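Asks: Sequence and predicted structure are below.
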Amino acid sequence: MKNFSFHNPTRLHFGRGQIAQLDSEIGKDARVLLVYGGGSIKRNGVHAQVMAALGQRTVVEFAGIEANPEFDTLMRAVALGKENGVDWVLGVGGGSVLDGSKFIAAALALDPAVDPWLIVGNKTPLHAALPIGCVLTLPATGSEANFTGVITRRETQDKLSFKNAAVYPRFSVLDPTVIDSLPARQLGNGLVDAFVHTTEQYLTYPAEARVQDRLAEGILSTLVEVAPLLRQNQGDYDAQANLMWAANQAMFGLVPLGQPLDWASHAIGHELTVLYGLDHAQTLAIALPSLLRYKFDAKRAKLAQYGRRVWQLNGDDDEVANAAIEATRRFFESAGLPTRLSGYGIDDVAAAAAGVEAQLIRHQRLKLGEHGDITPADCRAIVLAAG
Ligand SMILES: NC(=O)c1ccc[n+]([C@@H]2O[C@H](COP(=O)([O-])OP(=O)(O)OC[C@H]3O[C@@H](n4cnc5c(N)ncnc54)[C@H](O)[C@@H]3O)[C@@H](O)[C@H]2O)c1
């Protein structure tokens, strides 16, 4: 196991009725910028619960954060926050709203002489951010308790992340009942996103990190178990609670400790989203099975461990590893996410593969994967094989 240091300062309030905790977390005299998306929180009652918990506090609302949050939209929220002198940012939504809230909180504390776009990609030092609170409405990304934001700028075809301890949320509310209103497509996305976050930090090579491996296997097995329960009965509280906690733990920071990390499926996926507008999880469903086949030899040992422990497969390492990739692919398909580009109407596979290669070169993502040996040309081959 490699050396590590770990600290996660986000307080989590988990369970039914926990939105009321906003009252204990945010000071009575706070001026809160309330950030959300397209309005599902008004239809499902979450907005009303948030407003009730905030009581007499000054609340300035910014609605309209889109999926894959757009820099220009976020800058409008920053301007609104400045105009109103807010001192808290409260994000209510899925990963897009929460990532956007992190950017807004950082931009509001940035030296006005610095271009806020430099936050993205960590191109300027970030020393502070306004305090951030989150009410999660879509279990998938783990953004509610980590220090990462992913921001898109369509104008320049960029989808890039930033990481900074200043944007750890102070607290997050995880109430599983708020996903009663989640469309099947987003439920499937959540399952696949949480699954691939875990495999990125686990399906590499053996590193004697036994607790972390078993934590990853526990998360993956839980996702496999709850998927059919969620499909059969949306509103199954226990299944929803387990999905929400599994997705959180996949990105909470414990799984990767002391481990080699891959993240190449995400690098490919971000470029597919920018080029074709696919949902984040859809791109991962395309990239991961193809990447596992492409890097089969380097990943054989962990694939075999995964196949035996998560899928209860038997046989020699080659047989189990191959069957594990196929089981993963079928799991994604059963969650409603095609694993081939053609499943999303992308027929010019050569153009998609060349596009991903060009974008990765432009973004200087030249040495990906746990060994740093996956080049943009390899990614082109991985996308081609997923046609
Ligand atoms: N910060 C991180 O660590 C991290 C990790 C992975 C991905 N991401 C990023 O997060 C974004 C994706 O986030 P996401 O998958 O959570 O989806 P999302 O936030 O983009 O939301 C998808 C859709 O679901 C709707 N929705 C959300 N909650 C709902 C509810 N309870 N009921 C009905 N509709 C609801 C939203 O309005 C939106 O239309 C991408 O930009 C991705 O790159 C961030």
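Replies: Nice, I can see it.

Asks: Give me every residue in the stretch 101-250 of the chain lying close to the ligand.
Replies: Counting by CB under 6 Å from any ligand atom, the residues of the stretch 101-250 of the chain lying close to the ligand are 137-138, 140-143, 146, 148-150, 178-179, 181-182, 186, 189, 193. No exception for glycine: its C-beta is placed from N, CA and C like everyone else's.

Asks: From those residues, list just the buried residues.
Replies: Listed as buried from those are 137-138, 140-143, 146, 148-150, 178-179, 182, 186, 189, 193; burial here means 16 or more other CB atoms under 10 Å.

Asks: Just confirm residue 173 contacts residue 136, I think it does.
Replies: Yes. Here residue 173 reaches residue 136: they are 6.8 Å apart, a contact under CB atoms under 8 Å.

Asks: Break this structure down into its structural domains.
Replies: Taking automatic domain parsing as the domain assignment, the ranges for the chain are 11-177, 187-385.

Asks: Take the ones you listed and lay them out in TSV including mean pLDDT.
Replies: Below are the domains of the chain laid out as TSV (pLDDT from 0 to 100):
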stretch	mean pLDDT
domain 11-177	97
domain 187-385	97
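
Asks: and residue 4, which of those is closest to it?
Replies: Ranking these by proximity to residue 4 (CB to CB) places domain 187-385 first, at 4.5 Å.

Asks: first vs last residue of that closest one, how far apart are they?
Replies: One end of domain 187-385 to the other measures 27 Å (CA to CA, to the nearest Å).

Asks: burial of the residue of the stretch 251-387 of the chain found nearest the ligand, as a residue count?
Replies: The stretch 251-387 of the chain approaches the ligand most closely through residue 280 (3.9 Å), counting by CB to the nearest ligand atom. Using other CB atoms under 10 Å, residue 280 has 24 neighbouring residues.

Asks: mind starting the numbering at 346 from now?
Replies: Yep, numbering from 346; the last one is residue 625 now.

Asks: Verify the contact between it and residue 535 for me.
Replies: No. Residue 625 is beyond contact range of residue 535, at 10.4 Å (criterion: CB under 8 Å).

Asks: Quick check: neighbours shared by the two?
Replies: residue 485 (CB atoms under 8 Å, 6 or more residues apart in numbering).

Asks: Sketch out the helices for the stretch 396-545 of the chain, chain order is fine.
Replies: Assigned helices in the stretch 396-545 of the chain, in chain order: 416-428, 440-453, 529-545 (criterion: DSSP state H, counting those that start in this stretch).

Asks: which stretches of the stretch 596-732 of the chain form helices?
Replies: For the stretch 596-732 of the chain, the helices defined by DSSP H, counting those that start in this stretch cover 609-621, 625-639, 641-655, 662-679, 694-707, 721-729.

Asks: Packed most tightly, which of those would that be?
Replies: helix 625-639 (a mean of 26; mean count of other CB atoms under 10 Å).

Asks: ok, residues contacting the helix ranked longest in the chain?
Replies: Scanning the chain for the longest helix, with DSSP state H as the assignment, gives helix 555-577. Contact partners of helix 555-577, identified using CB under 8 Å, 6+ apart, comprise 346, 529, 532, 536, 539-540, 543-544, 546-547, 581, 583-585, 587-588, 591, 594-595, 599-604, 650-651, 654-656, 676, 679-680.

Asks: Buried by neighbour count: which residues of it qualify?
Replies: Across helix 555-577, burial judged by 16+ other CB under 10 Å covers 557-558, 560-569, 571-572, 575-576.
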